[in-house]
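A.B. asks: Pasting a predicted model and its sequence here:
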Amino acid sequence: MAEYTLDLPLDTDYYGIFDSVPAADRTVWQRARACVAEILPEVNSAWDAGEYPLSWVRTLGAHGLLNDGVAGPGLTTISPLAAGLATMELSRGDGSLGTIAGVQAGLALRSIALFGSPEQQAEWLVPLARGEKLGAFALTEPAHGSDSVSLETAAVRDGDEWVINGSKKWIGNGSVGDITITWARDEEGNVRGFLVPQDTPGYTAETIRGKISLRAIHQALITYTNVRVPASAILPGARSFKDTARILFATRLGVAWGALGHATAMYEAALSYATQRTQFGKPLAAFQMVQERLTEMLAELTSMQLHCLALTTREAAGTITPAQASLAKYNNTRKARLIGQIARDMLGGNGILLENNVARHFADVEALHTYEGTESMQALLVGRDVTGVGAFA
């Protein structure tokens, strides 16, 4: 049994930033909290063992949390604010849990909703939203991460079929799912999206082991060897990398919300620990240095909240820009790292125990800091926007 209780939510909101959240959005937030409470008892053991309980996906679907603000036939759409709050809350529970929703809803579901045919949408949207089917989004390749626009996976038309050859890496759900949205370059050099069932001959997926982050969701190394799919498998609305980038842009602000969830969990664990842990005859909270550290973390956390709320307001109004979303991710993942460093140090030796709700989040933030574009790529996107000069090469 844990010696300290450090995983209970404290609803930290020092500026009252979320006081005016509409009732409908707050209901989604509460559903996310209920989902976390249901799954959290399993998280540390799954993370420690590197296991991915697929039942979590169905639980997320049952709570109506596999939407991410996506609109489409049969879907119950939620607002950008509700989607952000849900991402924050799921990530406050666990990074793998937040990533499951990000992959399933933010990437796979959104791809089909934005670019799929009516028949594709009818077949896949509702099952994905309910967690009855698992979807993957395969863009990143072993040799192309930050320069994903240079992807080499190729799709060649052969009569009524497309033949796909290439490889992908770091693909969530890629080895345990049902369908993989595969991005490949056609014979004219255009980047196109394909619905590839994972049981298609020639599709080989290996779960990546040895991770120190996001250990309770599986990412895959995928090899496509003469994978044949019918012409109907192509996403008709996706015709260039600009379309692919629309998906990434739509999910980038969600990464900032996820970082906020991690940071909240670590700050609240440190605050709870400071009130429960006694040294030299008094609680840690009574020491000046501890209070200064808590204040530093709270200041950073409040800044992260302001970034998320301001940009989500712009997203709802349709005025957010890609560079603004990049700045939010850049800021929030950096701040989450800092909060994690301080929180782990405050807990001393207890900070490396999974049961104390800091080490797992601290490790998971490292993945969040990288995916959807590294810190350097976000800085270059913002830098180009403010200077008018591209510096990518």
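C.D. replies: Perfect, I can see it now. As the structure is a computational prediction, the values presented were derived from the model and not from experiment. Numbering: from 1, shown residues only.

A.B. asks: what are the bridge partners for Lys164, then?
C.D. replies: That one is not Lys; residue 164 is Ile. Beta bridges link Ile164 to Ala155, Val227 when assigned by DSSP bridges.

A.B. asks: I'd guessed it sits against Leu195; true?
C.D. replies: No: under the criterion of CB atoms under 8 Å, Ile164 is not in contact with Leu195, lying 11.2 Å apart. Just so you know, the C-beta spots here come from the backbone N, C-alpha and C atoms, and that holds for glycine as well.

A.B. asks: overlap in contacts of the two?
C.D. replies: 182, 229 (CB atoms under 8 Å, 6 or more residues apart in numbering).

A.B. asks: Please save the CA atoms from the helix or strand harbouring Trp170 in PDB.
C.D. replies: Per DSSP states H and E: Trp170 is located in strand 161-172. Extracted C-alpha coordinates of strand 161-172, given in PDB (Å, rounded to 0.1, in the frame of the first residue of the first chain):
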ATOM      1  CA  GLU A 161      -5.600  -2.000 -56.900                       C
ATOM      2  CA  TRP A 162      -2.900   0.000 -55.300                       C
ATOM      3  CA  VAL A 163       0.400  -1.700 -54.300                       C
ATOM      4  CA  ILE A 164       2.200  -0.200 -51.300                       C
ATOM      5  CA  ASN A 165       5.800  -0.700 -50.400                       C
ATOM      6  CA  GLY A 166       7.800   1.000 -47.600                       C
ATOM      7  CA  SER A 167       8.000   1.200 -43.800                       C
ATOM      8  CA  LYS A 168       6.700   3.300 -40.900                       C
ATOM      9  CA  LYS A 169       7.900   3.700 -37.300                       C
ATOM     10  CA  TRP A 170       6.400   4.800 -34.000                       C
ATOM     11  CA  ILE A 171       2.800   4.100 -35.100                       C
ATOM     12  CA  GLY A 172       0.400   3.900 -32.200                       C
END
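
A.B. asks: That one - contacts with which helices or strands?
C.D. replies: strand 135-138, strand 154-158, strand 179-185, strand 191-197, strand 219-230 (3 or more CB pairs under 8 Å, 6 or more residues apart in numbering; DSSP states H and E).

A.B. asks: let's see 6 Å
C.D. replies: When contacts are defined as 3 or more CB pairs under 6 Å, 6 or more residues apart in numbering; DSSP states H and E, strand 161-172 packs onto strand 135-138, strand 154-158, strand 219-230.

A.B. asks: can you redo those strands as a markdown table with distance to Leu60?
C.D. replies: Formatted as a markdown table, the helices and strands packed on strand 161-172 follow (distance: least, CB to CB, whole Å):
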| stretch | distance to Leu60 |
| --- | --- |
| strand 135-138 | 13 |
| strand 154-158 | 31 |
| strand 219-230 | 18 |
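
A.B. asks: okay, those in a markdown table with distance to Arg185 and mean pLDDT next?
C.D. replies: What follows is the helices and strands packed on strand 161-172, written out as a markdown table (distance: least, CB to CB, whole Å; pLDDT from 0 to 100):
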| stretch | distance to Arg185 | mean pLDDT |
| --- | --- | --- |
| strand 135-138 | 13 | 97 |
| strand 154-158 | 6 | 96 |
| strand 219-230 | 12 | 98 |
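
A.B. asks: what stretches of the stretch 101-250 of the chain score poorly on pLDDT?
C.D. replies: 147-148 (pLDDT under 70).

A.B. asks: separation between Glu195 and Ala336?
C.D. replies: Heads up, residue 195 is Leu, not Glu. As judged by CB to CB, to the nearest Å, Leu195 and Ala336 stand 34 Å apart.
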